[in-house]
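Q: what follows is a predicted structure for the sequence shown.
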Amino acid sequence: MLTVTSKSFYEKIQVENEEVILNGPPDFLSGQITISNRQEEKLSVKELPLQAVGRSFGGNLGQSLQLGLRLKPNETRKESITHLIDPQTPPGVYEGTISVGGATRKLKLIVQASIKVDVTPVVFTFQGTAPGKAHTTFITLTNNGNMPFQIPEVKHVTMVDMDYLCRATAIAIRSDGASKSYEAMMDELTRNVFKNMTDWLNASIKEAGQVLDPGEKKLVELTLTLPENAHMDRDYSGEIRLWDQVISYTIKSHNPIKPSKK
């Protein structure tokens, strides 16, 4: 069995498409290709040679189109294929060629816009739940897409007392109304949930509004400020959505017990 690569034996196969079209974001361009083995022996087709034409790829096209298929003698097969190029390649239409089997076929890559933002870290723990207390930390934002990304504003975030639902349910079940009707118990549960639920936690990013170019990385300052009706003896947790990423946080109460006077 011969192995076809971008440097050897590629003249032994034929691409039947007049034009191969791959469409998608830079890291997942997909399409179909029809390949024929005109030989009397089996072929293992690993890759095909590529060459850019027209609009410059700036070296992002790649030197080969990865396939990874085996063809029996005189077999023709249609295959779904994927191809990846530099993730920062701007959206647009790029042209190239595939030259195999003595023929040159057109290659067209339709690169779609891709916004991909990486956030690290995504889990935080703070200490101190006094009303109005502010906690500040730093996160790293990386633009892994091919479009500029504007750092968004993060305003109000739900802050949940980890035990408030259990506490509100227990009080409702033990209430006088619970023995009378289900509706009365649920009314009591609703009142206790409302009573124990805090206002929004205020979250802000100091660098909000700044723009990250493709491939750029930036350290930004994140501040969380507890609402005025927070309880300093309770623990809270929640999530902050930043574009399509989720940051989880936990804020633990911290009230050292003073030794009693003897």
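A: On my side now, so go ahead.

Q: relative to Leu201, how far out is the nearest residue to Asn144 once chain neighbours are set aside?
A: Excluding the flanking residues, the one nearest Asn144 by CB to CB, 6 or more residues apart in numbering is Lys116, at 4.2 Å. (Each C-beta comes from the backbone N, C-alpha and C, glycine too.) To Leu201, Lys116 is 27 Å away according to CB to CB, to the nearest Å.

Q: next one: stretch 135-149 to chain centre, how far?
A: Stretch 135-149 sits 12 Å away from the centroid of its parent chain (CA atoms, centre = their mean, to the nearest Å).

Q: regarding Ala170, what is its secondary structure?
A: Classification of Ala170 by DSSP: H, G, I helix; E, B strand; the rest coil places it in helix.

Q: what's the burial count for it?
A: 13 (other CB atoms under 10 Å).

Q: neighbouring contacts of the helix or strand bottoming out on mean pLDDT in the chain?
A: Ranking every helix and strand in the chain by mean pLDDT, DSSP states H and E puts helix 164-174 at the bottom, with a mean of 73. Contact with helix 164-174 is made by Asp161, Ala178, Met185, Met186, Glu188, Leu189, Asn192, Val193, Lys195, Asn196, Met197, Arg234, as judged by CB atoms under 8 Å, 6 or more residues apart in numbering.

Q: these in helices, which ones?
A: Among these, the members found in helices (DSSP state H) are Met185, Met186, Glu188, Leu189, Asn192, Val193, Lys195, Asn196.

Q: please, which helix or strand holds Thr137?
A: If you go by DSSP states H and E, Thr137 is part of strand 134-143.

Q: direction included, what does that strand pair against?
A: Strand 134-143 has the following strand partners under DSSP bridges: strand 117-120 (antiparallel), strand 217-225 (antiparallel).

Q: take the ones you listed and write them to JSON lines, including mean pLDDT and mean neighbour count.
A: Listed next are these as JSON lines, based on pLDDT from 0 to 100; neighbours: other CB atoms under 10 Å:
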{"stretch": "strand 117-120", "mean pLDDT": "96", "mean neighbour count": "15"}
{"stretch": "strand 217-225", "mean pLDDT": "97", "mean neighbour count": "16"}
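
Q: could you dump those strands to a markdown table with distance to Thr250?
A: A markdown table is the format used below for these (distance: least, CB to CB, whole Å):
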| stretch | distance to Thr250 |
| --- | --- |
| strand 117-120 | 17 |
| strand 217-225 | 11 |
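
Q: out of the ones you listed, flag the one nearest Ile13.
A: strand 117-120 (39.3 Å; CB to CB).

Q: next one: the closest one to chain centre, how far?
A: 8 Å.

Q: who touches that strand?
A: Taking CB under 8 Å, 6+ apart as the rule, strand 117-120 contacts 139-145, 149, 212, 242-245, 247.

Q: next SSE downstream of that strand?
A: strand 123-127.

Q: so which bits of that next one are buried?
A: Judged by neighbour count using 16 or more other CB atoms under 10 Å, the buried positions of strand 123-127 are Phe124, Phe126.

Q: what is the mean pLDDT for that strand?
A: If you average the pLDDT over strand 123-127, you get 96.

Q: Lys46: what secondary structure?
A: strand.

Q: if you skip the residues just before and after it, what's nearest to it?
A: Leaving aside its chain neighbours, Lys46 sits nearest to Thr5 (5.3 Å; criterion: CB to CB, 6+ apart).

Q: could you list the low-pLDDT ranges of the stretch 151-262 of the chain?
A: By pLDDT under 70, the low-scoring segments of the stretch 151-262 of the chain are 164, 168, 178, 256-262.

Q: 90 instead?
A: Applying pLDDT under 90 to the stretch 151-262 of the chain picks out residues 154-199, 231, 233-234, 243-244, 254-262.
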